[in-house]
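In: need coordinates for the following:
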Amino acid sequence: MTFRPDVNPYVALIKTRPERILCGSQKSGLTAEALEILKAKLQTFPKLALEFGSGSGGHLIERAQQSPDTLFVGSEIRFKRVFRTAEKADEKRMANLIICHVEARAFLKQIPDNSVDKIYVLYPDPWDKQRWKKNRLMSGTFLPDIFRALKPGGLLEYKTDHHEYFNSSCKELGEISKSTDMVLTESSANYLAEIDCCDNIESEFEKLFKSQGLPLCMLRAVKNPLGI
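Out: Coordinates of the predicted model:
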């Protein structure tokens, strides 16, 4: 059977909101035009936060509402989720939220050094079969690129329901910390029970996993905590 992208109505719909939805490709990231729109938007905000795999925007939108001085940029590859996020943001007339239809790795490489205050990676695909693990987001070159993009004092927050993936990510982050100033500040394999999460905002996946009674994992790491 031949795949027909035009069957999915959201393929066309995401192109109807060029100021809210920035498009790109999985290999090269945002287009040059989209990148210029993003750069212009960044000039109007003193802070920048990124969420990779932002889903339908529940977490991203609530964070943006709480911090109007920060530009929140989501990265998501599912057409429908991208459009739904844009719809919600438009309904709320949010000036500080952009959603990018782009692959996370390529997009992160386009982000300037020392420019991001917070990065969220929430419940990424665990790619749990051995032959798939090379596709995992929290591994390989992605973690060094996170360190590069964060400002001194910038925060990485990562959550997953997959404990083997979590342990693997902690190990890789530990290796990176040996040669950088990336410091693991919090880590828990059951953070809802073990860590005071007064500032926690649940994503759609977190609500689902929580309703199933699953122990959820979280780590937070800071680049050069002293900010120097």
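In: now do the helices in the protein.
Out: Ranges of helices in the chain, per DSSP state H, are 9-13, 32-42, 58-66, 79-91, 104-109, 142-149, 163-177, 191-194, 204-211.
In: go through these and name the closest to residue 217.
Out: Smallest distance to residue 217 across the helices of the chain (CB to CB): 3.8 Å, for helix 163-177. Any C-beta I mention is one placed from the backbone N, CA and C, and that applies to glycine too.
In: list the buried ones in that closest one?
Out: Across helix 163-177, burial judged by 16 or more other CB atoms under 10 Å covers 165, 166, 168, 169, 170, 172, 173, 176.
In: got the angle between that helix and helix 142-149?
Out: 50 degrees (axes from the mean of the first three to the mean of the last three CA atoms, to 10 degrees).
In: out of the helices of the chain, which gets nearest to residue 120?
Out: The nearest among those, by CB to CB, is helix 58-66 at 7.1 Å.
In: and that closest one, how far out from the chain's middle?
Out: 12 Å (CA atoms, centre = their mean, to the nearest Å).
In: mean confidence for it?
Out: Mean pLDDT, helix 58-66: 96.
In: name the residues of it that are buried.
Out: 58, 59, 60, 61, 63, 64.
In: I'd say the fourth one and residue 85 touch.
Out: Yes - using CB atoms under 8 Å, residue 61 is in contact with residue 85, at 7.2 Å.
In: which residues are in contact with both of the two?
Out: Shared contacts of residue 61 and residue 85, defined by CB atoms under 8 Å, 6 or more residues apart in numbering, are found at residue 97.
In: which one of the buried residues of helix 58-66 is nearest to residue 191?
Out: Among the buried residues of helix 58-66, and counting by CB to CB, the member closest to residue 191 is residue 59, at 15.2 Å.
In: distance check, that closest one against residue 92.
Out: 14 Å (CB to CB, to the nearest Å).
In: ok, residue 82 next?
Out: Taken as CB to CB, the span from residue 82 to residue 92 is 16 Å.
In: who has more neighbours out of these two?
Out: residue 82 (29 against 12; other CB atoms under 10 Å).
In: ok, residue 100 - contacts?
Out: By CB under 8 Å, 6+ apart, the residues touching residue 100 are 21, 22, 23, 24, 30, 34, 38, 73, 74, 75, 76, 107.
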